[in-house]
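Visitor: Got a predicted model here, sequence first, then my questions.
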Amino acid sequence: MLEPQLSLSVLRVSNGSSETLLNATLASQVAYMFSGASVSSGYLGGNLALTVIDVSGADSENDFALGFAVGYRALPTPNVAVRIEGGYRRWLDFELNELNAALIFGIVIP
């Protein structure tokens, strides 16, 4: 399973002075399906991510992360996937650990 990921967040804070935080993350995950790609299956994957953070025009910061995920993908129809996933990601420069749990809906491209 090969999965591109893109996340974009905009946060505006107004407490006397106005600040805007822009965060863009580009990631990719490659996973091994234990029972094959055409049936419901558990999987184990590795992922890479790059994030760029900009606060109100100040110098932007970026970081690179490595991680893994484990989950189960169900195929209610041949072209629709529903996944339950948990994972870990380590942001290298920020020295942060990210734990996540997700319910993901997707389209299967044979």
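Guide: Arrived safely. All values derive from a computational prediction rather than experimental measurement.

Visitor: And the residue lying closest to residue 97 once chain neighbours are set aside, how far from residue 25?
Guide: Among residues not flanking residue 97 along the chain, residue 90 sits closest, at 5.9 Å (C-beta to C-beta, 6 or more residues apart in numbering). For glycine as for every other residue, the C-beta is placed from the backbone atoms N, C-alpha and C. Here the criterion is C-beta to C-beta, to the nearest Å. By it, residue 90 lies 14 Å from residue 25.

Visitor: show me where pLDDT drops low in this structure?
Guide: Residues of the chain meeting the criterion pLDDT under 70: 16-17, 57.

Visitor: For the residue nearest to residue 97, give me its contacts.
Guide: Shown in contact with residue 90 (C-beta atoms under 8 Å, 6 or more residues apart in numbering): 65, 66, 67, 96, 97, 98.

Visitor: That one and residue 59, how far apart?
Guide: Using C-beta to C-beta, residue 90 is found at 23 Å from residue 59.

Visitor: What of residue 36?
Guide: Distance from residue 36 to residue 59, by C-beta to C-beta: 47 Å.

Visitor: what do you get for residue 31?
Guide: Plainly put, residue 31 is 35 Å away from residue 59 if you go by C-beta to C-beta.

Visitor: show me where this structure has strands.
Guide: Shown for the chain, the strands assigned by DSSP state E span residues 2-14, 18-33, 41-55, 61-77, 80-91, 96-107.
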